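> Show me how the following folds:
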Amino acid sequence: MIKNYFKVAVRNLLRNKAFAAINILGLAIGMASALLILLWVQNEFSLDASYKKADRIHVMYNRDKFDGAVHSWNSTPKMMGPTLKNDYPEVEDVARTNGVTFLLTVGERRLNVRGAFTDSGFINMFDFPLLKGNATQALTGSNSIVLTEKLAKKLFGDEEAMGKMIRIDSNANFIVTAVLKDLDNKTTFEFEYLLPWSFMTRLGWNDDSWGNNSVRTYALLKPTVTTEKFNARVQDITRSHSQETAKVFGHPINRLHLYSKDDEGKLVGGQIETVNLFIVIAIFILLIACINFMNLSTARSEKRAKEVGIRKVSGARRGSLIAQFIGESLILSFLSFLVALILVAVSLSGFNLLTGKQLALNFGDYTFWLMSIGFILVTGLLAGSYPAFYLSSFVPVRVLKGSFKKVNAALTPRKVLVVLQFTFAIILIIGTIIIQHQIKFVQNRDAGYNRENVVYVYMQGDIDKHYTLIKDDLLKQSAAVSVTKSANAITQRRGDSWGYSWPGSTETDKKLDFIRLGSDADFIKTLGVQLKEGRELDIYKYGTDTSAVMLNESAVAAMRLKDPVGQTITRYDDYKFHIVGVVKDFILESPFVKKVNPMIIFGPAQEYFTVIHMKLNNKGGTAANLAKVEAIFKKYNPEYPFEYSFADESYAKKFAAQQQTGMLAALFAGLTIFISCLGLFGLASYMAENRIKEIGIRKVLGASIGSITTLLSKEFLLLVFIAIVVASPIAWYAMRSWLETYTYRIDIEWWVFAGAGILSIVIALATVSFQAIKAAVANPVTSLRTE
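Model (predicted):
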């Protein structure tokens, strides 16, 4: 019986090659799209969740109230780790991390590489696999260094790295004690080497202040300890060791990537919202592909009707007919999956480039094949169930008389499915338009400073020592028109602080959080920030400016200062700063946030300068000026490679996540439309074929090509119009919810829905009209002679 079903299914596919090609292509594109999305989703769920002890590792967070709102953050005091390990029996081990960039030198090879300071238990806690060395002892030595396989290859080539010496910057030598397997795509850690925490202490970068939140702390709980029990125990750890008011809690690391959005101090959402969105998109695309199959199968019902009638008269039961039709859909699903695998393999490199991932099809994993079988079965059953039940329901007597069809029915399942299909597609089109419009809107926002021709360089080696000479040469050689030294890049937030008081301030004001920035001189000239009152900092011109500050407008407003210039701000340790100027607000953080936070720009008394900003000369060309800049830096800092960043390029990275979402939405919206139109093309073909005699008679009676084309197209266009009406409110609600996650956002305007509707109608008309015109121009004599 099964063999017979298989033969019949294959014969039907070979007999109707166009039907089979449209169905296989539509299903294959739908399955390939769903597979790509599911690969991405699987990776998102696996990030920081694949460690063996992931259910016991917790990231330590602070929670406190600032400016009337509760906030949480995961930078912690350096002393928290040792205190947790020594004083809390619930904790099995602790590891701290602090990112750092050092120059690594081996012979003539010099690499500026990102690494991390960490505790000796870090490798064992996260089960990072070692190719060489002992995980327990690798970081116990004060001069030990652990390299990734990739970095070991860069530094030593094919030579053995173990036991070899590496110079860190120009002041310390380290011995390679382990080689770590390169980090995979299931971790959010980014480092190429690990250094012992003791080295940070030797550099003088360690401290015992409970008010300095500057490192990540990870706590490995004992197997019997729950998150709730642990959090109840540690919530007052900071309060019990200092005057700080923050409460402490642990957040499971396997939830860190997906649930890290701070909502009134609680981590309730974040990336999981984007993941859920694309899961829905994957389901939609697969449903649209399945709807194609359903519609085309039921459209061919007249061609299969006599077969069903004869089989039933011959004694076939309905169950056996359902099994036959389901079997055909499973064969199509299997063939489509093979094509989908080819499409995924071909497009995966481009998809990885778009998503910034390293996704791959793991053909050697048996779970992949089990999931693939399940995927084929679900798709085949979903696509074939309605046609199977529909076709098997035909009554033999009516079928063999040719009177089973419901002519011109106002509502049919096929019409409902077409509407549903285009509703999904139009929702994605509207969503894509709104995402792109929102990104463009924020990109056009005035950042409050001029990024054009601004380059910044991180201060390493002898740059700080020779800063004055470097600045003089840059200006004398006309490579730059101005230079300033800063605590961090103008496009990045480095730190914040609180605990300040001023004339008229209250005790509550000590919880006002200020963003910290630093400058020596020429801050306004170099970065184009607008001065509103007073003057800018200049520690070279004014000797007292080492303890001077500038405020932004938001800080002045939050501090309720009427005449800020000349007033004094007192730090928590009674150190006093005098205000010399006020600048207009500029965006240091996310441009999607409407509010600009209060900011204090300090001189060297508060800030440690780490960045040089340069305004390149707009004469002579950017490349030529950069060559001059590189030569100057090489002259005074020869041991280090010259590495720079453009401020406008760094600012553009603030839109990366939203642009990625927008590009993915546009890609899958396009595929959805293509799949829908593929089905519409097939339906139009069968419609024209079934009405061939009617068209012939109409032409004989004088009907024009235009009137026949309109007749054949209007039914489909009506369905698309209904889909627009249904999709618009759904898309409006969904995108309004998405936009509410941004405080600086667009209003959804009517033209978005009109544009999406017109685009959908034009695409549908172009798809249907080809078959309609083809049928309309056919010779009526030929069509009336078909029988």
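> CA only for contacts and neighbour counts going forward, please
OK.
> which residues sit in contact with the spatially closest residue to Arg445 that is not a sequence neighbour?
The spatial neighbour of Arg445 that comes closest, neighbours along the chain excluded (C-alpha to C-alpha, 6 or more residues apart in numbering), is Pro591 at 7.6 Å. Applying C-alpha atoms under 8 Å, 6 or more residues apart in numbering, one finds that Pro591 lies in contact with Val442, Gln443, Arg445, Ala447, Lys654, Tyr744.
> which of those residues has the most neighbours?
The residue in the contacts of Pro591 with the most neighbours, by other C-alpha atoms under 10 Å, is Val442 (19 neighbours).
> ok so it is a helix residue?
Yes: the assignment for Val442, made by DSSP: H, G, I helix; E, B strand; the rest coil, places it in a helix.
> roughly how far apart are the residue nearest to Arg445 and Gln443?
Plainly put, Pro591 is 8 Å away from Gln443 if you go by C-alpha to C-alpha, to the nearest Å.
> May I ask which helix or strand encompasses Ala219?
Assigned by DSSP states H and E, Ala219 belongs to strand 216-221.
> so what secondary structure elements neighbour the next helix or strand after that strand?
Using DSSP H and E, the helix or strand that directly follows strand 216-221 along the chain is helix 227-234. When contacts are defined as 3 or more C-alpha pairs under 8 Å, 6 or more residues apart in numbering; DSSP states H and E, helix 227-234 sits against strand 247-252.
> do that again at 10 Å, thanks
Contact here means 3 or more C-alpha pairs under 10 Å, 6 or more residues apart in numbering; DSSP states H and E; on that basis helix 227-234 packs against strand 57-66, strand 247-252.
> tell me how far the first one is from the chain's mean position?
Meaning strand 57-66. On the basis of C-alpha atoms, centre = their mean, to the nearest Å, the separation between the geometric centre of strand 57-66 and that of its chain is 24 Å.
> Tell me the buried residues in stretch 746-757?
Across stretch 746-757, burial judged by 16 or more other C-alpha atoms under 10 Å covers Ile746, Val752, Phe753, Ala756, Gly757.
> got a list of what the spatially closest residue to the first one that is not a sequence neighbour touches?
In space, not counting the residues next to it along the chain, Ile746 is nearest to Gln438; the distance is 5.9 Å by C-alpha to C-alpha, 6+ apart. The contact partners of Gln438, by C-alpha atoms under 10 Å, 6 or more residues apart in numbering, come to Thr432, Phe592, Gln658, Gly662, Leu739, Tyr742, Tyr744, Arg745, Ile746, Asp747, Ile748.
> Report whether Gln438 is found in a helix, as I expect.
Yes: with three-state DSSP as the criterion, Gln438 is assigned to a helix.
> All the helices of the stretch 401-550 of the chain, in order from the start?
Along the stretch 401-550 of the chain, the stretches classed as helices by DSSP state H, counting those that start in this stretch are 413-443, 467-476, 523-527.
> what's the weakest-modelled helix or strand in this structure?
Across the helices and strands of the chain, the lowest-confidence element by mean pLDDT, DSSP states H and E is helix 396-401, at a mean of 57.
> got the buried residues for the strand ranked longest in the chain?
Determined from DSSP state E, the single longest strand within the chain is strand 91-106. Of all the residues in strand 91-106, those buried under the rule 16+ other C-alpha under 10 Å are 91-98, 101-105.
> and which of those is nearest to Ile763?
Distances from Ile763 to these, taken as C-alpha to C-alpha, are shortest for Thr101 (52.5 Å).
> My guess is the closest one contacts Gly115. True?
Yes: contact status for Thr101 versus Gly115: in contact at 5.9 Å, counting by C-alpha atoms under 10 Å.
> Now do the shared contacts for the two.
Phe191, Glu192, Tyr193.
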